[in-house]
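> have a look at this prediction, sequence included:
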Amino acid sequence: MISTRTLRRHSEKGQAVKDAAGFIVCATDTDGIRKFLLLYAERGYWGFPKGKRHVRETLFATALRELREETGMNNFFVFSGFRVCYRYSFRAPDGRRIRKAVTLFAACAASRAVRLSEEHTAFVWLPFHRALSRLTYPSLKHVLRRFERHMRAQKKTIAFQHSVYRTTAAIPRGNVATYGDVARAARRPHAARVVGALLHKNYDAAIPCHRVVAAGGLLSGYNRGEAHKARLLRDEGVAVVSEKGKYRVAHFSKYHHAFS
């Protein structure tokens, strides 16, 4: 993994390197074949959803925003442990050399529905080898190969991530479970913290991460904020109280879901 945390970097010639971020997006068919989303840009190349970072925006926040803006996607989860940076340069119309550093994360889409932005004119979902052939630039081909190697090397981790999401999806409306409950149901009883980290990477509304709480019913670790988590639970009939700025499920045992 290559870190690009520094907001302003400069090349050896003193020129600023502009940051951008985006996602490699895939979806798995019913036959188990993984297909990748490629976008055709107005400038005439096939690539991934990405765009420039705004001031005071993290690279991950940039990637999320660009994915939503360029594809209309809102339901997906982020693969754990994948983050790659590549660099390239191009000549601007005024003759200046522009240098960019692009950080790509990876996500699995809940569906293959796409709503293109004005920046792109076409999209396609392709299996790995055809996607590799369609990508325009060698740097993007290299990143896609890196992702495939990551998926092979991290099979157990990714399988556990899927198991956590399946387990979470089984929590009924109006019930809650703890991170430890989910870890035990997913057959890794000592991985409660890992479960929390994986749920934080989920942006698929079909996976009700808000129903997973800390021990004793304390609300924590929700990527849309604890207040939103409390509101979702209350809408489902779960009693949530606020104490000194912290939210907690009242009468926890009443709403506690026991996995079979």
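Structure received.

> just the helices in the stretch 51-200 of the chain please.
Under the criterion DSSP state H, counting those that start in this stretch, helices of the stretch 51-200 of the chain are mapped to 59-71, 128-134, 138-153, 155-169, 179-185, 192-200.

> which other residues reach the fifth one?
Residues lying outside helix 179-185 but in contact with it, judged by Cβ atoms under 8 Å, 6 or more residues apart in numbering, are 164, 167-168, 177, 189-196, 199, 212-215, 221, 257-259. (Glycine included, C-beta is placed from N, CA and C.)

> rerun that using 7 Å as the cut-off
Contacts of helix 179-185 from elsewhere in the structure, counted by Cβ atoms under 7 Å, 6 or more residues apart in numbering, are 164, 167, 168, 189, 191, 192, 195, 196, 212, 214, 215, 259.

> quick check: residue 238 touching residue 176?
Yes. In this structure, residue 238 is within contact of residue 176 by Cβ atoms under 7 Å, at 6.3 Å.

> common neighbours of these two, please.
249, 255.

> just the strands in this protein please.
9-10, 16-28, 34-41, 46-47, 50-52, 76-78, 84-91, 97-109, 120-127, 177-178, 212-213, 240-243, 246-249 (DSSP state E).

> can you give me the buried ones in the last one?
Residues of strand 246-249 classed as buried: 247, 248, 249 (neighbour count, 16 or more other Cβ atoms under 10 Å).

> which one of the helices of the stretch 51-200 of the chain is the most hemmed in?
helix 179-185 (a mean of 22; mean count of other Cβ atoms under 10 Å).

> for it, the averaged confidence score.
The average pLDDT for helix 179-185 rounds to 97.

> leaving out sequence neighbours, find the closest residue to residue 191.
residue 183 (4.5 Å; Cβ to Cβ, 6 or more residues apart in numbering).

> next one: that neighbour from residue 211, what distance?
Taking Cβ to Cβ, to the nearest Å as the measure, residue 183 falls 15 Å from residue 211.

> what's the answer for residue 250, then?
15 Å.

> same deal with residue 130?
39 Å.

> point to the residue nearest the middle of the protein.
With distances taken as Cα atoms, centre = their mean, residue 78 lies nearest the centre of the chain, 2.6 Å away.
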